[in-house]
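**Q** give the three-dimensional model of this entry:
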Amino acid sequence: MVEVLILVLFLISGGATGWMGVHLLPQEMLDDVTDVQRVRLGLTGVGTGIGLVAGLVFKRLRLQLMQQVRTMPTDLLISRSVGLILGLLVANLLLAPILLLPLAGGVTLLKPLAAVLSNVFFGVLGYNLAEVHGRTLLRLFNPTSTEALLVADGVLTPATPKILDTSVIIDGRIRGMLACGLLEGQAIVAQTVIDEMQQLADSTNLEKRAKGRRGLKLLRDLRDTYGRRLVINSTRYEGTGTDDRLLLLAGDTGGTLVTADFNLAQVAEVKEIKVMNLSELVIALRPEVQPGDELLLKIVREGKEESQGVGYLEDGTMVVVEEGRTLIGSRQPVVVTGALQTPTGRMVFARRDKNGHKINRSSKNGKSKGVRTDNAEEHPSA
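**A** Numbers count the residues shown, from 1 in each chain. Predicted coordinates for the structure are as follows:
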């Protein structure tokens, strides 16, 4: 109904403009015309056709604009609106002297043409500048803030918002990252993430229900602890799933997607979206283990090969020990022989310390400081 009304209004406006526009024609042209009424009808038909085309174009632009407004975050919408208003204000201030000029004849048509072109140009310019350089508005809203001045001058890079995926919320490690200051800026939780956790909490599967309830409880605790820093984005994006909607939100806000999902992180990198993979962060924070380092390791289970034993460092890194199967359940000194880094983690290879040296442990993860004492009786050589 609204689309039909828009087309009718454009048709009436175009026809009325053509009907009344005959008076704008030069008087010399009208003197040469024998039938002014026919010219009026011709202009009315042309104006109606132009109105129909303009109405169809406006209808399409309106649908696109409404779709963007529904899916656009509130802060981005306000920023673009302010830029558009400032652009139109500048355009009309520059137009005021031009509209006051005493133009005669057909030159008068330049006034409305200049008004339309200038408003379109400066409106789009202000819209784009607000989107790209909106951070300079910090100086206007908070001129006494040193941080705001540094951000406005480009000296200090503003902290990007962090968009939390369902996996990192249920995982629980996001609480420690926020507490330690590893995540700066606002933490954004999309409405689709809350809906997904609610579905998990209402599931008949006990494991899924526990995950959903744990995630909702964590969000409640984070809200109580950090207040306004935790933002709930209620924008409902169109998409086939939570991952697609999160990618759209990250693209619109320019934020960093925080996830523990390896596949989602890969898709975000393909789409050139900033992403922080929690698994990669954990790997990056693990202490380095080099060949030749000595560890005091407890061998807990068998390896794949016949003579291998497997132990773990305190950060969860798996250590494969050659000839360690017979020593399962005991803590033995081993020497690192190599390490293998994979996209999903790290694997360390080691062998038993056949020299019978006792390792003086001084670190929590069992990595030695290079101090060894000979004690052949306690650790006989193999």
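
**Q** could you show me where the strands are in the stretch 51-200 of the chain, in order?
**A** 162-164, 187-190 (DSSP state E, counting those that start in this stretch).

**Q** what is the mean pLDDT for the longest one?
**A** In this model, strand 187-190 has a mean pLDDT of 87.

**Q** same question, the shortest one
**A** For strand 162-164, mean pLDDT is 88.

**Q** and it, how far from the chain's centre?
**A** 7 Å (CA atoms, centre = their mean, to the nearest Å).

**Q** picking up where we left off before, select, out of the strands of the stretch 51-200 of the chain, the one closest to Gly14.
**A** Among the strands of the stretch 51-200 of the chain, strand 187-190 comes nearest to Gly14, with 44.0 Å by CB to CB. C-beta: built from backbone N, CA, C; applies to glycine.

**Q** flag every buried residue along the closest one.
**A** Ala187, Ile188, Val189, Ala190 (16 or more other CB atoms under 10 Å).

**Q** also stretch 176-195?
**A** Neighbour counts over stretch 176-195 (16+ other CB under 10 Å) mark Met177, Leu178, Leu183, Gln186, Ala187, Ile188, Val189, Ala190, Thr192, Val193, Ile194 as buried.

**Q** closest to Gly311 out of these?
**A** For the buried residues of stretch 176-195, the nearest to Gly311 is Met177 (27.9 Å; CB to CB).

**Q** grab the nearest non-local neighbour of that closest one.
**A** Leu183 (5.1 Å; CB to CB, 6 or more residues apart in numbering).

**Q** who are the contact partners of that neighbour?
**A** Lys162, Ile174, Met177, Val258 (CB atoms under 8 Å, 6 or more residues apart in numbering).

**Q** picking that back up, would you turn the strands of the stretch 51-200 of the chain into TSV with distance to Ile98?
**A** Formatted as TSV, these follow (distance: least, CB to CB, whole Å):
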stretch	distance to Ile98
strand 162-164	47
strand 187-190	45
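
**Q** among those strands, which comes closest to Ser118?
**A** Set against Ser118 and scored by CB to CB, the strands of the stretch 51-200 of the chain come closest in strand 187-190, at 37.8 Å.

**Q** how is the chain carved up into domains?
**A** The record, using automatic domain parsing to delimit domains, assigns the chain the ranges 1-71, 76-156, 162-284, 289-374.

**Q** how many residues are close by Leu77?
**A** The local packing of Leu77 (other CB atoms under 10 Å) involves 14 other residues.

**Q** now do it against Ile188, distance only.
**A** Distance, Leu77 to Ile188, by CB to CB, to the nearest Å: 15 Å.

**Q** cool, Leu89 as well?
**A** In this structure, Leu89 and Ile188 are 32 Å apart, going by CB to CB.

**Q** and if you look at Leu182?
**A** Going from Leu182 to Ile188 by CB to CB gives 16 Å.

**Q** helix/strand/coil for Asp315?
**A** coil (DSSP: H, G, I helix; E, B strand; the rest coil).
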